[in-house]
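>>> Quick one, structure for this:
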Amino acid sequence: EVRVVESGGGLVQAGGSLRLSCEVFGVEYDDYVVGWFRQASGKEREGLLCIDSSEGTIYAADSVKGRFTISKDKTTETVYLQMSSLKPEDTAVYFCAAKIGDIYDSKWWDLDEYDVWGQGTQVTVSS
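Numbering: from 1, shown residues only. Below you'll find the model as predicted:
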């Protein structure tokens, strides 16, 4: 059974940095996609970044380009979301999700494309 577990959330001041981790369990082959999403209070969940594990292809939302990056440690099957220059509007619950197999370039942000979701981790950016 494939599952993902996020960690690393917390309280950070505006302008600061934070790294979130997403551990992927239960995968047999290096053929999956991991996406990072966030949901602010009262808003819809939005896609931030996605990485194709086997090809290393990365997709990113315009809103986080230049501030957030995604990377993967293949030895530990952990995908990281490195966030810098954080703003109060980045405050949200951050989720990672995994999809076994490939994902269409035009669908990486689509919540319905993903097979499993983590429980989320809270990130709060103070002004």
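>>> and Ala97, how many neighbours?
Look at Ala97: counted by other C-beta atoms under 10 Å, it has 22 neighbours. All C-beta spots, glycine's among them, are computed from the backbone N, C-alpha and C.
>>> Pull the number of nearby residues for the closest residue to it other than its chain neighbours.
Nearest non-adjacent residue to Ala97, counting by C-beta to C-beta, 6 or more residues apart in numbering: Tyr114, 3.8 Å away. Tyr114: 23 surrounding residues under other C-beta under 10 Å.
>>> Pull the contacting residues for Tyr114.
By C-beta atoms under 8 Å, 6 or more residues apart in numbering, Tyr114 lies in contact with Val33, Gly35, Ala97, Ala98, Lys99.
>>> Sheet partners, orientation included, of the helix or strand harbouring the last one?
It refers to Lys99. Assigning secondary structure by DSSP states H and E places Lys99 in strand 92-100. Strand pairing for strand 92-100, using DSSP bridges, gives strand 32-39 (antiparallel), strand 116-117 (antiparallel), strand 121-126 (antiparallel).
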